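> pasting a predicted model and its sequence here:
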Amino acid sequence: MSVAEAPEISKNEDYRLRAQRDLGVEQGREVFVGVVQHSCGPDRRENLERAIAGINRAANLGAQIVCLQELFQGLYFCQSEDHAYFEWAEPIPGPTTERLGKEAARLGVVVVASLFERRAAGLYHNTAAVLDADGVLLGIYRKMHIPDDPLFYEKFYFTPGDIGFQAWRTRFATIGVCICWDQWFPEAARATALRGAEILFYPTAIGWHPAEKAKYGAGQRESWELIQRSHAVANGCYVAVANRVGHEAPAGEDGIEFWGSSFIAAPGGVVIAKAGADGDEVLVASCDLERVNTFRTHWPFLRDRRIDAYGDLSRRMVD
């Protein structure tokens, strides 16, 4: 359902419980997962309000865990190397986690939010904050894999994460978070799943370089979806991806056309909800966490891993 079309929130009604009742869902291991996809403009305050509106509409549709897209508060500034953008960074905890925590507590939902973290003078990270349904900051994940490609100059801004891969037991499920470029690395998904994650969230900002869309665009987007669906297969867990949408050119050149296409995949890789390539959308899907156990016992990849034989994975290359 489009953000613009979603009904308004009433403070007097628990929409999550209503949605469960309307869908005939039993209380238990059924969890409603939401992702918010939206375009961003130059006004950071407006972008934050748009994201909060998306959280509210996801809760309206029954979501219990809601993921925002990567660096949702502003234009994707990594298209150029400009020291001025360091002014956008903030500490965690900080003003944005405080604001989102209040919304999480009011709505009774878990929120995953990707932020530009100012850890110290000269030390910055691309960081996801996880806020539980009572508004408490459960923890953070700092993006481990940092790209440096045309229009994706993230190494200029972000120090690679140094706290490893994480998972948190939230009120509704045990979740893990990786961020954008991390999604191409099966090791990241595996390490997060091994910490107990039943749902992997990927806040994302990916789109087409203008010189590549015509020749490579369709294949690039297909590969992006395929690799993440494969994480759902290999790890027997749900995967939820929130990607931004729209054209952004803060550096004044051709810019990036973000391709949206946010989605939620079940264990086994089947896509159970998917957004379009254009426009703001909120996706909400029912995720039966008992399927994680069922899938992992019928396709026991975790059981059959040869952990005694994988030592070379810690080497750059075996040569």
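Yep, that arrived. Numbering: from 1, shown residues only.
> what's Q79 in contact with, if anything?
By CB atoms under 8 Å, 6 or more residues apart in numbering, the contact list for Q79 reads L151, F152, Y153, E248, A249, P250, A251, E253, G255, I256. From N, CA and C alone the C-beta is placed, and that goes for glycine too.
> how about a cut-off of 7 Å?
Neighbouring residues of Q79 by CB atoms under 7 Å, 6 or more residues apart in numbering: L151, P250, A251, G255, I256.
> so what's D312 closest to, chain neighbours aside?
V318 (4.9 Å; CB to CB, 6 or more residues apart in numbering).
> Three-state assignment for A240, please.
strand (DSSP: H, G, I helix; E, B strand; the rest coil).
> just the element for the nearest residue to it once chain neighbours are set aside, please.
Leaving aside its chain neighbours, A240 sits nearest to I264 (4.7 Å; criterion: CB to CB, 6+ apart). Per DSSP states H and E, I264 falls inside strand 263-265.
> below-threshold pLDDT in this structure: ranges please.
Scanning the chain for pLDDT under 70 picks out 1-28.
> regarding it, what is its longest helix?
helix 213-235 (DSSP state H).
> those strands in the stretch 201-319 of the chain, which residues are they?
207-208, 238-243, 245-248, 256-259, 263-265, 271-274, 281-288 (DSSP state E, counting those that start in this stretch).
> make CSV from those strands and add distance to A214 to it.
Shown next, in CSV, are the strands of the stretch 201-319 of the chain (distance: least, CB to CB, whole Å):
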stretch, distance to A214
strand 207-208, 9
strand 238-243, 21
strand 245-248, 16
strand 256-259, 12
strand 263-265, 24
strand 271-274, 23
strand 281-288, 25
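> give me whichever of the ones you listed is most buried.
strand 238-243 (a mean of 28; mean count of other CB atoms under 10 Å).
> in its sheet, which strands sit next to that strand, and in what direction?
strand 199-204 (parallel), strand 263-265 (antiparallel) (DSSP bridges).
> how big is the angle separating that strand from strand 281-288?
On the basis of axes from the mean of the first three to the mean of the last three CA atoms, to 10 degrees, strand 238-243 is oriented at 170 degrees to strand 281-288.
> next, the angle helix 213-235 makes with strand 238-243.
Using the same axes, to 10 degrees: strand 238-243 against helix 213-235 is 150 degrees.
> confirm that E187 sits in a strand.
No: judged by three-state DSSP, E187 forms no part of a strand; its state is helix.
> spit out the contact partners of V130.
Each residue near V130 by CB under 7 Å, 6+ apart is listed here: V112, L138, G139, W168, V177.
> on the three-state scheme, it is what?
Using three-state DSSP as the criterion, the local structure at V130 reads strand.
> what's near enough to touch the spatially closest residue to it that is not a sequence neighbour?
Distances taken as CB to CB, 6+ apart put L138 closest to V130, at 4.6 Å, once the chain neighbours are dropped. Counting by CB under 7 Å, 6+ apart, L138 touches V130, L131, D132, W168, T170.
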